[in-house]
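S.K.: Predicted model follows, preceded by the sequence.
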Amino acid sequence: MIDIATRIADLRRQIEDANQRYHALDAPEITDAQYDALVRELEALERAHPQLAEADSPTRRVGSAPSGRFPQVAHALPMLSLGNAFSDEEVGDFVRRISERLARDVLAFSAEPKLDGLAISLRYEGGVFVQGATRGDGATGEDVTANLRTIAVIPETLQGSDWPQVLEVRGEVYMARADFERWNAHARLHGGKVLANPRNGAAGSLRQIDPQLTAQRPLSFYAYGIGLVEGGALPDTHSATLAKLREWGLPVSDLATVVVGVDGLLAYYRRIGDARDGLAFDIDGVVYKLDDYAGQREMGFVARAPRWAIAHKFPAQEQATVVDSIEVNVGRTGAVTPWALMQPVLVGGVTVSRATLHNADHVARLDVRNGDTVIVRRAGDVIPEVVQVMLEQRPAGAVPWSMPRHCPVCGAELVREEGAAVWRCSGELSCPAQRVQSVFHFASRRAMDIDGLGERYIESLVEFGELEDVSDLYRLTLEDLLAMKRRADECEGITPETVKAGKVATKWADNLIEAIDHSRDTTLSRFLYALGIQHVGESTARALALWFGDLALIRHLPWPLFKRVPDIGGEVARALGHFLDQPGNQQVIDRLLARGVRIGDTRAPNPELADVLDLATLLADLDIPKITPLRAAQLGSAFADAQMLLHAPAHTLVTAGLPADTSSALVAWLEEDANAALLLRSAQAQQQVRALLPERADAVAGPLSGKTVVLTGSLSSMSRDVAGARLEALGAKVAGSVSKKTSLVVAGEEAGSKLAKAEELGVEVWDEAKLLAFLAQHA
Ligand code: D41
């Protein structure tokens, strides 16, 4: 007896706790199914041990007390709860009880889907909506009139004129699945509140203090019954009342209908169960109500619920299970999605062992870890998802999850743009997960323009191992294509062993081989576009081709150099850099060239680049904390080159005019090896591009016209970049290395091999003083 009393107390406490979380906090910690099980166990114990039943047991009350956020509303008639049936037998018992008590053999029921939302009551006076309240504890609810007014389908005034003077309409406020999915997709991308399920969405929304916030979350409503009626009459059956409500402009479920006897109820249950996944909203069962009011009155109530109605529950759409591991999946576009692999569990009638975690932010927000007990939700055609973690059940030592650094499929780096939710594999060309997509894009009309290679054939070629990457297109033979087509057709059950079909196939393969061969001769912009680099569309590809001119140059540039092209921003530049940093991608480019792809329009970089290949521009492009373009310009004129900056003692930065915090931010940045390497690599690339620049067509006419000048060593009064720009302004062409063509070498401090070479070739050499004098003279 002690044990049973303890168990009852324990169950009551757990149910109270769950009620509080569900009704007042909208943050349940257990699933509906677990809740139902607790209530049923408690009910059974109280029935078996009536001496232990208490008047205030949660089995005798409904919902929970109001939150205090809204004024209270006493319901004129109590809003009751519904008993549950979980099996056909329980439905049989329900019908038999009514049959016996009413001494009737034939019973008609109104059957309706049971929406998974929030029960409310709407009060109409003189046909006008005057007040709306939540169910609360059944006797007293909360006044959420203003919030309910934002729900479009709730009429402000009733249509027609035969409504009672006072009419209370009861129904369910819910959020449609599509609205829920849309809301969450937006929240996941923009960091808003992600809802665990549509019901929480509806409940949370109705509890907003600011009705404008409610209005932003799309809610809907179905009427399912009535409360107080004064100054008028209603029909004498529930089904006729629903029809009246519909006439007056209130939304009533189209799926509500009248059925007869247990068989009718069970057939309805099956029918709605089959339709469940396709419905626009979540339902957790169906509700059966004795249709005639006379019978209802005769049946009356037990503590919590009417004896004339029952909810027949479906398998729960949410279940608790344990996460075995968190894996990532790479989609055909390279987007990386985390997944939870879990102990198999039956959710909504389907066994589920994998659930999506959407993206890294979602994992972080939920804080899902290996070994966690989680709630999985499966509704409609939506992929099962993890919606909640039961923190109390977390095993000791569970560690937070983090996104792997490399693609599980191809090993390329996983990258994510600033502010974006999605991580991507940067192995665009070399990642097997992205093969079909990359070949399809590569062959498309605006890329390499290979006619006749449809997606279906690409899929087959990939499947049969003929295409590891796009470069394999240039290795395909007629026989490969014919063999592939035969196998693909066989898989589809087509076996046209006729001579004609063979000829058609050969013709197709011939044409395709020719189209592939034809595509070998291409342009730089098409080629760049065809690589399928994230964010590199046709116009970006064209700009890259226009400004750098040469694949051999472009493919080895570090990302900051791409920002020199007008209209290419940090995001695109970084995506390009990531792509080119993956050895697998470079190998595919090598293979394409080796297999005969020819770029016909290679040329020198755009001479305009000369203006932006300086240290100041580079520093401004590197996204160094606190380094604004102004600070970058200061540094650019204070330091001769990147090497000097890198080895500058910290105090010289302050001498160069940088505020202390800016200079320490820069020092900290430079101390990271990867940053220092990027700075040097970029500076070198700038030199390399500079060396390739042709003379400007519109070279300024001036005292140095036609002269090629090389700057070497460090100048004390200005950087080499600045000196070069000033010489160019006087008509000079500035080059990076000394040759016979060099007209003049300007040698600063510690000039090395270039000075030696100049002396060897007998090229004229100026020191800094001479340069300054010349510049002053021609200023
Ligand atoms: O769709 C529903 N959730 C629904 C709930 C429904 N279709 N009918 C319902 N009928 C009742 C009675 C029989 C008491 C008028 C209900 C509910 N009650 C109900 N919803 C929440 C608690 C009770």
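M.R.: Thanks, I have it. Treat the numbers as computed from the prediction; the structure is a model and nothing was measured. Residues are numbered from 1 along each chain as shown.
S.K.: per-residue pLDDT, R40?
M.R.: Per-residue confidence at R40 stands at 83 (pLDDT).
S.K.: again with T145
M.R.: At T145, pLDDT is 95.
S.K.: now swap in E760 and tell me
M.R.: Confidence at E760, expressed as pLDDT, is 86.
S.K.: Which of the three states applies to it?
M.R.: Following DSSP: H, G, I helix; E, B strand; the rest coil, the label given to E760 is helix.
S.K.: how deep is it tucked in, by neighbour count?
M.R.: By other C-beta atoms under 10 Å, 10 other residues sit near E760. Where you see a C-beta, it was placed from the backbone N, CA and C, and this is true even at glycine.
S.K.: now the one 4 residues further on
M.R.: E764 is flanked by 13 other residues according to other C-beta under 10 Å.
S.K.: That one - nearest residue in space that isn't next to it in sequence?
M.R.: Distances taken as C-beta to C-beta, 6 or more residues apart in numbering place L744 nearest to E764, at 5.1 Å, with adjacent residues excluded.
S.K.: Against A725, how distant is the one you found?
M.R.: 16 Å (C-beta to C-beta, to the nearest Å).
S.K.: thinking again about what came up before, bridging residues for the residue nearest to E764?
M.R.: Beta-bridge partners recorded for L744 (DSSP bridges): V709, E764.
S.K.: what about it, how many neighbours?
M.R.: 19.
S.K.: Tell me the pLDDT of it.
M.R.: pLDDT at L744 comes out at 92.
S.K.: wait, it sits on V709?
M.R.: Yes: checked against C-beta atoms under 8 Å, the pair L744 and V709 is within contact range at 4.8 Å.
S.K.: which neighbours do the two share?
M.R.: A732 (C-beta atoms under 8 Å, 6 or more residues apart in numbering).
S.K.: tell me the contacts of the residue in the stretch 601-750 of the chain that the ligand sits nearest to?
M.R.: Residue nearest to the ligand within the stretch 601-750 of the chain (C-beta to the nearest ligand atom): D623, separated by 53.4 Å. Contacts for D623 (C-beta under 8 Å, 6+ apart) come out as G570.
S.K.: Can you say which helix or strand has the nearest residue to K313 once chain neighbours are set aside in it?
M.R.: In this structure, K313 finds its nearest non-sequential neighbour in G285, 4.0 Å apart by C-beta to C-beta, 6+ apart. Secondary structure from DSSP states H and E places G285 in strand 283-290.
S.K.: in the stretch 1-150 of the chain, which spans are helices?
M.R.: Listed in chain order, the helices of the stretch 1-150 of the chain (DSSP state H, counting those that start in this stretch) span residues 2-19, 32-48, 88-102, 145-149.
S.K.: ranking those helices by burial, who's on top?
M.R.: By mean neighbour count, with neighbours taken as mean count of other C-beta atoms under 10 Å, helix 145-149 ranks first of the helices of the stretch 1-150 of the chain at a mean of 20.
S.K.: elements contacting it?
M.R.: strand 128-134, helix 198-206, helix 211-216 (3 or more C-beta pairs under 8 Å, 6 or more residues apart in numbering; DSSP states H and E).
S.K.: Output those in a markdown table; the columns should cover mean neighbour count and distance to P315.
M.R.: Compiled in a markdown table, these are given as follows (neighbours: other C-beta atoms under 10 Å; distance: least, C-beta to C-beta, whole Å):
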| stretch | mean neighbour count | distance to P315 |
| --- | --- | --- |
| strand 128-134 | 19 | 28 |
| helix 198-206 | 25 | 16 |
| helix 211-216 | 15 | 31 |
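S.K.: I'd like these as JSON lines, with distance to G83 and mean pLDDT appended.
M.R.: Shown next, in JSON lines, are those (distance: least, C-beta to C-beta, whole Å; pLDDT from 0 to 100):
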{"stretch": "strand 128-134", "distance to G83": "21", "mean pLDDT": "97"}
{"stretch": "helix 198-206", "distance to G83": "20", "mean pLDDT": "90"}
{"stretch": "helix 211-216", "distance to G83": "31", "mean pLDDT": "84"}
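S.K.: Measure how far the worst-scoring helix or strand of the chain on mean pLDDT is from the centre of its chain, please.
M.R.: Using mean pLDDT, DSSP states H and E, strand 733-735 stands out as the lowest-scoring helix or strand of the chain, at a mean of 79. Chain-centre distance of strand 733-735: 49 Å, with C-alpha atoms, centre = their mean, to the nearest Å.
S.K.: Name every strand pairing with that strand and say which way it goes.
M.R.: Per DSSP bridges, strand 733-735 is paired in its sheet with strand 708-712 (parallel).
S.K.: residues in contact with the partner strand?
M.R.: With C-beta under 8 Å, 6+ apart, strand 708-712 has contacts from 720, 723-724, 727, 732-738, 741-748, 751-752, 754-755, 758.
S.K.: switch the cut-off to 10 Å
M.R.: Contact with strand 708-712 is made by 640, 695, 719-721, 723-724, 727-728, 730, 732-739, 741-748, 750-758, 763-766, 771, as judged by C-beta atoms under 10 Å, 6 or more residues apart in numbering.
S.K.: now swap in stretch 726-735 and tell me
M.R.: Residues outside stretch 726-735 that contact it (C-beta under 10 Å, 6+ apart) are 607, 610-611, 613, 690-691, 693-696, 699-711, 718, 720-721, 723-725, 741-746, 771, 774-775, 778-779.
S.K.: Pull out the buried members of those.
M.R.: Using 16 or more other C-beta atoms under 10 Å as the burial test, those include 607, 610, 613, 690, 693, 695, 699, 704, 707-711, 718, 720-721, 723-725, 742, 744-746, 771, 774-775 as buried.
S.K.: Please report the number of neighbouring residues for Y124.
M.R.: Other residues lying near Y124 total 23 when counted by other C-beta under 10 Å.
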